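A.B. asks: only geometry, no sequence info:
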């Protein structure tokens with residue numbers, strides 16, 4: 001291609017979107033790969049081409065330099081820049097062997113494990129608004145206080161704070177958390193036993209990787225949070241669902257067959273049904289796990305928010321730290337986007353877990369961790385939780401009043417004494433997933449209770465309604481919209 005022809009061709013294809021040096025690079029690369037610029041042909045000088053295209057000379061130099069680095073061009077001292085010998089793309093419609101029929105690219109194929117993960121995925125595209133469960137009111141977060149603490153930390157930023165986190169996380173945050181958990185949740189631990197994570201998913205992932213092998217049996221509550229089930233099954237573990245009753249996780253007598261390697265439970269506020277594991281059941285579970293060498297993973301996801309009674313003490317505190325690994329995060333107490341959580345492990349596991357965390361995840365966010373340490377130590381976390389508990393309590397009352405106003409006692413409510421959501425029970429045979437879809441079309445976000453069960457045949461029907469992120473004035477009208485959806489359901493619900 002002659003220099004003038006090349007300049008004209010480039011002018012026809014350059015456009016106003018994107019950096020000019022990147023556009024020029026991409027066009028020249030295409031010309032080389034498709035054979036429009038033959039191997040050995042000389043390119044025009046950068047000065048001449050820049051003048052023809054009406055761009056700065058540095059724009060052309062940058063494009064040439066990138067192509068030189070990729071091996072598409074080469075320079076000859078005192079002679080200029082030439083097209084290198086590269087493997088060409090076949091002409092459009094022809095294969096490498098010259099076939100006259102284009103071969104369609106093969107569709108990407110996921111692994112069986114990846115396909116199974118996506119088939120059961122429960123993640124929602126919507127994460128805010130009435131009545132999205134599990135989401136706090138992030139608009140009430142004390143941003144100015146956080147920003148002041150954050151700026152102070154950046155003014156004194158040290159080089160090590162901008163690097164990877166040490167094993168287990170920032171020592172200052174682990175110290176602050178150890179004291180907070182001892183007071184607020186009766187957790188018995190030292191700072192060395194705390195591993196800072198990017199949330200509960202990562203904490204469970206770390207536990208499973210270090211304490212199980214593929215094919216091991218783990219117990220989950222039925223129903224349970226879908227994210228935990230997905231995490232465990234993606235690691236090729238045999239996840240068995242165990243029913244819950246009024247006292248929490250239940251099992252028939254002693255462990256039958258092979259004992260589970262892990263037992264995952266939400267004893268202080270079962271998710272999603274809301275019951276509290278009784279003291280007798282807690283003691284039975286701890287004793288069985290000690291006898292059989294099983295580990296308990298206690299997910300304490302929103303126990304700070306109880307209404308009318310004090311928060312329930314942790315199972316880990318009752319255990320004394322031998323068999324329980326305690327998981328928590330700040331997604332509910334502060335805001336989900338913070339992506340900071342923690343794992344409290346028995347003393348014997350502290351060093352290997354800290355090392356493995358650094359090996360697997362290469363964590364950072366040390367400035368964020370330092371800010372959070374200050375936020376806890378200065379009393380802001382406790383103050384914020386107390387204030388939000390009062391606010392959420394009022395919103396809970398508004399939602400309960402809306403349910404009563406629209407349906408009376410026809411639709412019982414479960415799990416309303418704690419947390420950020422309640423469960424609206426629906427009649428047997430109701431298609432709660434269809435109702436979830438219809439509500440979404442009406443602008444209301446709910447979650448079908450049946451989707452939290454691994455066995456559809458035994459699934460109860462209902463809707464999870466989150467009230468934390470819904471202003472009080474919005475709750476009644478939003479529920480009226482949902483009530484209309486419910487009344488139009490295939491199984492009509494009388495007013």
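C.D. replies: Okay, I see it. Worth saying up front: this structure is predicted, and the values here are computed from it rather than measured. Numbering: from 1, shown residues only.
A.B. asks: helices of the stretch 1-150 of the chain, residue ranges please.
C.D. replies: 3-13, 20-33, 46-53, 57-69, 112-119, 143-155 (DSSP state H, counting those that start in this stretch).
A.B. asks: and the strands in the stretch 201-350 of the chain?
C.D. replies: Counting by DSSP state E, counting those that start in this stretch, the stretch 201-350 of the chain has strands at residues 217-222, 238-245, 248-249, 262-265, 295-299, 324-329, 341-344.
A.B. asks: whoops, I mixed them up, the stretch 51-200 of the chain
C.D. replies: For the stretch 51-200 of the chain, the strands defined by DSSP E, counting those that start in this stretch cover 73-76, 80-83, 194-197.
A.B. asks: right, and residue 269 touches residue 309 too?
C.D. replies: No. Taking contacts as CB atoms under 8 Å, residue 269 lies outside contact range of residue 309: 11.7 Å. The way it works is simple: take the backbone N, C-alpha and C, and place the C-beta from them, glycine included.
A.B. asks: what's the burial count for residue 137?
C.D. replies: A count of neighbours around residue 137, defined by other CB atoms under 10 Å, yields 18.
A.B. asks: please name the residues that touch it.
C.D. replies: By CB atoms under 8 Å, 6 or more residues apart in numbering, the residues touching residue 137 are 388, 391, 392, 468, 469.
A.B. asks: how about a cut-off of 10 Å?
C.D. replies: Neighbour list for residue 137: 128, 335, 388, 391, 392, 395, 420, 467, 468, 469, 470, 471 [criterion: CB atoms under 10 Å, 6 or more residues apart in numbering].
A.B. asks: residue 429: which of those is nearest?
C.D. replies: Taking CB to CB as the measure, residue 467 is the one of the contacts of residue 137 closest to residue 429, at 26.8 Å.
A.B. asks: so where's the protein shaky on pLDDT?
C.D. replies: 1, 88-105, 122-127, 252-258, 321, 491-495 (pLDDT under 70).
A.B. asks: centroid residue for it?
C.D. replies: What sits nearest the mean C-alpha location of the chain, by CA atoms, centre = their mean, is residue 201, with 7.1 Å.
A.B. asks: pretty sure it contacts residue 329?
C.D. replies: Yes. The pair residue 201 / residue 329 is scored as a contact, 9.2 Å apart, by CB atoms under 10 Å.
A.B. asks: which neighbours do those two have in common?
C.D. replies: Taking CB under 10 Å, 6+ apart as the contact rule, residue 201 and residue 329 both touch 339, 341.
A.B. asks: how distant is stretch 177-190 from the center of its chain?
C.D. replies: Centroid separation between stretch 177-190 and its chain, computed with CA atoms, centre = their mean, to the nearest Å, is 25 Å.
A.B. asks: and stretch 265-280, by the same measure?
C.D. replies: Stretch 265-280 has its C-alpha centroid displaced from the chain centroid by 23 Å (CA atoms, centre = their mean).
A.B. asks: also stretch 465-472?
C.D. replies: Its chain's C-alpha centre and that of stretch 465-472 lie 21 Å apart, by CA atoms, centre = their mean.
A.B. asks: same question for stretch 350-370.
C.D. replies: 18 Å.
A.B. asks: list the buried residues in that stretch.
C.D. replies: Residues 350, 353-354, 356-358, 363, 365-370 are the ones in stretch 350-370 that count as buried (16 or more other CB atoms under 10 Å).
A.B. asks: JSON lines please, covering the helices of the stretch 1-150 of the chain and showing distance to residue 325.
C.D. replies: Listed next are those as JSON lines, based on distance: least, CB to CB, whole Å:
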{"stretch": "helix 3-13", "distance to residue 325": "59"}
{"stretch": "helix 20-33", "distance to residue 325": "49"}
{"stretch": "helix 46-53", "distance to residue 325": "62"}
{"stretch": "helix 57-69", "distance to residue 325": "49"}
{"stretch": "helix 112-119", "distance to residue 325": "23"}
{"stretch": "helix 143-155", "distance to residue 325": "29"}
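A.B. asks: sorry, back to before: list the contacts of the residue nearest to the centre of the chain.
C.D. replies: When contacts are counted by CB under 10 Å, 6+ apart, residue 201 touches 225, 227, 228, 230, 231, 327, 329, 339, 341.
A.B. asks: for the first one, which residues are in contact?
C.D. replies: In other words, residue 225. By CB under 10 Å, 6+ apart, the contact list for residue 225 reads 122, 134, 200-201, 204, 231, 264, 266, 271-272, 299, 301, 452.
A.B. asks: which among those residues count as buried?
C.D. replies: Buried subset of these (neighbour count, 16+ other CB under 10 Å): 134, 200, 201, 204, 231, 264, 266, 271, 272, 299, 301, 452.
A.B. asks: could you tell me which of these are located in helices?
C.D. replies: Counting by DSSP state H, these place 200, 201, 204, 231 in helices.
A.B. asks: tabulate these (TSV), appending distance to residue 456.
C.D. replies: TSV is the format used below for these (distance: CB to CB, whole Å):
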residue	distance to residue 456
200	25
201	24
204	24
231	21
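A.B. asks: and the furthest pair within these?
C.D. replies: Pairwise over those, using CB to CB, the maximum falls at 200 and 231, 9.1 Å.
A.B. asks: wait, isn't residue 477 in contact with residue 406?
C.D. replies: No. Look at residue 477 against residue 406 with CB under 10 Å: they stay out of range, at 11.4 Å.
A.B. asks: who's more crowded, those two?
C.D. replies: Higher neighbour count among residue 477 and residue 406: residue 406, with 19 against 10, using other CB under 10 Å.
A.B. asks: neighbours around residue 411, how many?
C.D. replies: So residue 411, with other CB under 10 Å, has 18 neighbours.
A.B. asks: and the closest residue to it other than its chain neighbours, what helix or strand is that in?
C.D. replies: Using CB to CB, 6 or more residues apart in numbering and skipping residues adjacent in sequence, the residue nearest residue 411 is residue 424, 5.5 Å away. Residue 424 is part of strand 421-425, with elements assigned from DSSP states H and E.
A.B. asks: and after that strand, which helix or strand comes next?
C.D. replies: helix 432-441.
A.B. asks: distance between that next one and the chain's centre?
C.D. replies: 23 Å.
A.B. asks: ok, stretch 448-467 next?
C.D. replies: 21 Å.
A.B. asks: distance check, residue 316 against residue 79.
C.D. replies: Here the criterion is CB to CB, to the nearest Å. By it, residue 316 lies 74 Å from residue 79.
A.B. asks: ditto for residue 5
C.D. replies: Plainly put, residue 5 is 21 Å away from residue 79 if you go by CB to CB.
A.B. asks: again, but for residue 361
C.D. replies: From residue 361 across to residue 79, the span is 52 Å (CB to CB).
A.B. asks: go on, residue 323?
C.D. replies: Separation of residue 323 from residue 79 (CB to CB): 76 Å.
A.B. asks: just list whatever residues bridge to residue 243.
C.D. replies: Under the criterion DSSP bridges, residue 243 forms beta bridges with residue 222.
A.B. asks: that's all I had, so thanks and see you.
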